[in-house]
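Student: Starting from these lines, generate the structure:
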Amino acid sequence: MRGVFRRILLVGVASSLLLPVAMAITFGLGTLLDSLGDESGGAVCGRVVLGLAAVWLTAVVATAVASGVSALDQPPARSTRWLEKEPGRGPGDAD
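Tutor: All right, here's what the predicted structure looks like:
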């Protein structure tokens, strides 16, 4: 099960970092096409940027959820056996 969340985290982090770059490039291309008089090309680029933004937001949320589940799935770092009290012994009793 850890492998699945690890893979989700890897894809989520990569998507969270790379999708904004793709959105900026596509937005710039759409602006360039608009300024050159190609309104339909600019509109298509605008729709693509909107779709990329939705995917990016989903990737950020999925990464946060997978990170939380992965953190909860980890075993405790330290043993808590010292908290268990043996019958007839107190915390200050010597061996």
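Student: residue ranges for the helices of the chain, please.
Tutor: For the chain, applying DSSP state H gives helices covering 2-35, 39-73.
Student: and those helices as TSV, adding mean neighbour count?
Tutor: No exception for glycine: its C-beta is placed from N, CA and C like everyone else's. Output for those, formatted as TSV (neighbours: other C-beta atoms under 10 Å):
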stretch	mean neighbour count
helix 2-35	14
helix 39-73	14
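Student: Make CSV out of the ones you listed and add mean pLDDT.
Tutor: Below are the helices of the chain laid out as CSV (pLDDT from 0 to 100):
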stretch, mean pLDDT
helix 2-35, 92
helix 39-73, 92
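Student: Please report how far the residue nearest to Asp34 when sequence neighbours are not counted lies from Leu50.
Tutor: Excluding the flanking residues, the one nearest Asp34 by C-beta to C-beta, 6 or more residues apart in numbering is Gly42, at 3.6 Å. As judged by C-beta to C-beta, to the nearest Å, Gly42 and Leu50 stand 13 Å apart.
Student: swap in Gly30?
Tutor: From Gly30 to Leu50 the distance is 11 Å (C-beta to C-beta).
Student: got it, and Ala24?
Tutor: Remark: distance between Ala24 and Leu50 (C-beta to C-beta) = 14 Å.
Student: again, but for Leu36
Tutor: Using C-beta to C-beta, Leu36 is found at 21 Å from Leu50.
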